[in-house]
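Peer 1: Have a look at this prediction, sequence included:
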Amino acid sequence: MSYLYLLLNLGSLSIPLIFSFHPKLKFYKKWKAIFIGILVGMCIFIPWDIIFTINGIWGFNSSYFMGITFLSLPIEEWLFFICIPYACVFTHYALLFYFPNMLLPKSYTRMISYSILSILAILSIYYYNKWYTLCNFTLAIFILLLVTRNNMQLLRSFYLTFLVMLIPFFIVNGVLTGSFIENEVVWYNNSENLNMRLFSIPIEDTVYAFTLILLNLFVMNHIQKRFNNPKN
């Protein structure tokens with residue numbers, strides 16, 4: 001089972017990568033923008049990951065990865081921040097390609113955004129002493145505020161596509177956190193989170209996924225606009 005984490009990464013990437021060359025989707029034409037988005041995401045999430053791993057806020061079960069580490073993280077964890085964002089961004093664009101009217105009204109989008117921001121702010125203040133909860137929710141607040149102010153149109157579709165992405169999320173992250181296998185691939189120090197689980201998944205992980213994917217999409221959209229309007 002030492003290849004389990006690697007197989008989860010590659011399995012998540014395989015179908016989106018193959019269909020990136022679909023003659024109608026032509027997602028490969030967005031590669032430059034998406035890889036810039038992935039790089040920006042890694043610049044934020046990798047240092048956080050390293051610090052949390054070193055301090056025992058979470059860690060990795062050596063039985064499920066190949067044993068090669070870099071800066072305290074398994075190679076598979078580095079691949080996670082490439083494979084999963086790529087698969088999720090592809091899913092977002094594929095859904096919009098086939099369902100172009102998959103949009104929330106602006107008023108609903110604004111209401112949902114402010115509701116999420118309020119809930120995250122209250123929880124961050126109340127659970128300030130739990131590092132995963134605090135850092136996770138604080139970053140989500142910052143990214144959501146940034147997108148709300150600069151690209152509300154993205155949120156109009158993202159809130160809906162994210163609901164679809166939660167299906168593979170619960171499968172992949174469920175395995176990572178111990179569903180369907182004897183032990184978890186990634187373990188968590190529950191004293192640093194809310195100790196509330198969706199099946200085997202810490203509830204903070206849903207916010208983590210929300211922020212990671214939204215950040216990638218926001219950067220990618222910004223880069224694409226720059227490509228399309230080079231004089232701006």
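Peer 2: Yes, it's here. Keep in mind the model is a prediction, meaning the values are calculated, not measured.
Peer 1: This protein: strands as residue ranges?
Peer 2: 58-60, 69-70, 73-74, 186-188, 197-198, 201-202 (DSSP state E).
Peer 1: List the contacts of the second one.
Peer 2: Residues outside strand 69-70 that contact it (C-beta atoms under 8 Å, 6 or more residues apart in numbering): Ile75, Trp78. Using the backbone N, CA and C atoms, a C-beta is placed for each residue, glycine as well.
Peer 1: Could you check how far it is from the centre of its chain?
Peer 2: Its chain's C-alpha centre and that of strand 69-70 lie 21 Å apart, by C-alpha atoms, centre = their mean, to the nearest Å.
Peer 1: just the fourth one next, same as before
Peer 2: Strand 186-188 has its average C-alpha position 17 Å from the chain's average C-alpha position, going by C-alpha atoms, centre = their mean.
Peer 1: strands paired with it, and their directions?
Peer 2: Here strand 186-188 is paired, per DSSP bridges, with strand 58-60 (antiparallel).
Peer 1: Over to the last one?
Peer 2: The pairing partners recorded for strand 201-202 under DSSP bridges are strand 197-198 (antiparallel).
Peer 1: Check the third one too.
Peer 2: The pairing partners recorded for strand 73-74 under DSSP bridges are strand 69-70 (antiparallel).
Peer 1: Would you agree Leu217 is in contact with His92?
Peer 2: Yes. Between Leu217 and His92 there is a contact under C-beta atoms under 8 Å: 6.2 Å.
Peer 1: what do those two both touch?
Peer 2: Going by C-beta under 8 Å, 6+ apart, residues that sit against Leu217 and also against His92 are Phe158.
Peer 1: what about the closest residue to Thr91 other than its chain neighbours, how many neighbours?
Peer 2: Nearest residue to Thr91, sequence neighbours excluded (C-beta to C-beta, 6 or more residues apart in numbering): Met165, at 5.6 Å. Under the neighbour criterion other C-beta atoms under 10 Å, Met165 is assigned a count of 20.
Peer 1: Next: the one 4 residues further on.
Peer 2: Counted by other C-beta under 10 Å, the residues lying close to Phe169 total 21.
Peer 1: residue contacts, it?
Peer 2: Thr206, Ala209.
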